[in-house]
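K.L.:
Coordinates only, no sequence provided:
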């Protein structure tokens, strides 16, 4: 009995003096746990921590301690450090929540294996960096290509227009006109590609400055009027006279979006009209918005092909490319520009009856701005009689409303026969 007791005492003493898991192990915790003293050494741990160290390929549990353990312990007691820390050990990444022990004996750390999360974050960072690099290279490439296209095409356009002013046969005039139009289309395509590349690279900035709404719409329609006249299509605008004359916005981008929509309407409209409507509205959040609508009487868009409309290099019907041309970039760019300006773009369409494209932007009036002259009273015209003759009822209504607002007595006629009959009455 004495020998057995002595042997047991020797074993207990050997175990007590041993620096290892039998002496330091903490039981009762399923979460991996280690305790570190002020010198940064692991002094206690549990079985879950042992398994975590083994999975990380570490020699023992002491390798779980962060490299800057001493500084972390000190910061924890001073209350300066973050309670959560991340570090690498072996082939794993760990996250630990530090809790100070009583008597400044050290800290207790609850461990989590975050290796998979860190791997995903690194992959996402690499993907983001690659995308940014690709976007930058694409933007630079498109910018160079755009410049290389614009320079020679500008010369072709200038010479072509000079050629049209000389004595040419009808056939030569048609060929020269086609030459100029083709060069202008190439320049437009280059501009659209450059804008799209800038938008995707996040380098296109929207400017806010005062702009005169009526003049902007008028200038946009004037630039498209020649094409409309060639196709015998009525092109006009209906602007709410109660809108402020000057608003804050980016006139260049608003004009670009509006011109794209009008040009698109002219492309797909063979007869009828294109009407640009501008009015104010209140959105669901109670904020004022400016709503633009471009309505045409063209071929319309079938229901099954509408989801392709705002995708680059797509048209609702690929067969229309041969007839009308275009890459579909105009609508893509316009929609993204509308969103950059704080609005959105959408459309309504009915096959063989036409389409209406809408876009809105925030309506911010310029304080103390002078209203446009066409919205003011015209005392010199009050009481005068205006005979209006126009076969387009919508255009007739727009002009009639404007002249009536000026105080004129308006007689609106749909035909010359009706006008002559009124004059002879």
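P.N.:
In hand now; what should we look at? Computed from a predicted structure; not experimentally measured.

K.L.:
for the stretch 251-400 of the chain, which spans come out with low pLDDT?
P.N.:
312-328, 373-376 (pLDDT under 70).

K.L.:
tell me the helices in it, going along the chain?
P.N.:
251-267, 319-324, 329-340, 393-405 (DSSP state H, counting those that start in this stretch).

K.L.:
Between those, which one is closest to residue 52.
P.N.:
helix 329-340 (47.7 Å; CB to CB). For every residue, glycine as well, the C-beta is placed using N, CA and C.

K.L.:
Just the buried positions in the closest one, please.
P.N.:
329, 330, 331, 332, 333, 334, 335, 336, 337, 338 (16 or more other CB atoms under 10 Å).

K.L.:
now those in JSON lines, with distance to residue 388?
P.N.:
Listed next are these as JSON lines, based on distance: CB to CB, whole Å:
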{"residue": "329", "distance to residue 388": "40"}
{"residue": "330", "distance to residue 388": "35"}
{"residue": "331", "distance to residue 388": "35"}
{"residue": "332", "distance to residue 388": "40"}
{"residue": "333", "distance to residue 388": "38"}
{"residue": "334", "distance to residue 388": "34"}
{"residue": "335", "distance to residue 388": "37"}
{"residue": "336", "distance to residue 388": "41"}
{"residue": "337", "distance to residue 388": "37"}
{"residue": "338", "distance to residue 388": "35"}
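
K.L.:
Remind me what the strand or helix carrying residue 237 packs against, helices and strands.
P.N.:
According to DSSP states H and E, residue 237 maps onto strand 233-239. In this structure, strand 233-239 packs against helix 213-230, helix 251-267, strand 272-282, helix 393-405, with contacts taken as 3 or more CB pairs under 8 Å, 6 or more residues apart in numbering; DSSP states H and E.

K.L.:
give me the number of residues near residue 383?
P.N.:
9 (other CB atoms under 10 Å).

K.L.:
Show the contacting residues for residue 400.
P.N.:
388, 410, 412 (CB atoms under 8 Å, 6 or more residues apart in numbering).

K.L.:
which of those tops the neighbour count?
P.N.:
residue 412 (20 neighbours).

K.L.:
secondary structure element for that one?
P.N.:
Here residue 412 is assigned to strand 409-413, by DSSP H and E.

K.L.:
got a list of contacts for that strand?
P.N.:
Here strand 409-413 makes contact (CB under 8 Å, 6+ apart) with 383-390, 396-397, 399-400, 403-404, 419, 422.

K.L.:
Going toward the C-terminus from it, what's the next helix or strand?
P.N.:
helix 416-424.

K.L.:
how many degrees apart are that next one and strand 409-413 in direction?
P.N.:
140 degrees (axes from the mean of the first three to the mean of the last three CA atoms, to 10 degrees).

K.L.:
Okay, buried residues for helix 416-424 please.
P.N.:
Residues residue 419 are the ones in helix 416-424 that count as buried (16+ other CB under 10 Å).

K.L.:
can you give me the mean pLDDT across that helix?
P.N.:
Average pLDDT, helix 416-424: 89.

K.L.:
So which other helices or strands are in contact with it?
P.N.:
By 3+ CB pairs under 8 Å, 6+ apart, helix 416-424 packs against strand 385-389, strand 409-413.

K.L.:
what's the most buried one of those strands?
P.N.:
strand 409-413 (a mean of 16; mean count of other CB atoms under 10 Å).

K.L.:
next one: that strand to chain centre, how far?
P.N.:
Its chain's C-alpha centre and that of strand 409-413 lie 47 Å apart, by CA atoms, centre = their mean, to the nearest Å.

K.L.:
Paired strands for it, with orientation please.
P.N.:
Neighbouring strands of strand 409-413 in its sheet, by DSSP bridges, are strand 385-389 (parallel).

K.L.:
on that earlier part again, what comes up buried for the helix or strand following the strand holding residue 237?
P.N.:
Next along the chain after strand 233-239, taking DSSP H and E as the criterion, comes strand 246-249. Buried residues in strand 246-249, counted by 16+ other CB under 10 Å: 246, 247, 248, 249.

K.L.:
Not including adjacent chain positions, what is the nearest residue to the third one?
P.N.:
Taking CB to CB, 6 or more residues apart in numbering, and ignoring the residues beside it in sequence, residue 248 has residue 364 as its nearest neighbour in space, at 4.1 Å.

K.L.:
tell me the contacts of the one you found?
P.N.:
247, 248, 249, 288.

K.L.:
And it, its phi and psi?
P.N.:
phi -120, psi 110 (degrees, to the nearest 10).

K.L.:
so residue 93 is in which element?
P.N.:
Residue 93 belongs to strand 92-100, assigned by DSSP H and E.

K.L.:
what's the average pLDDT for that strand?
P.N.:
87.

K.L.:
Sheet-wise, list the partners of it with their directions.
P.N.:
When DSSP bridges is applied, strand 92-100 pairs with strand 84-89 (antiparallel), strand 107-113 (antiparallel).
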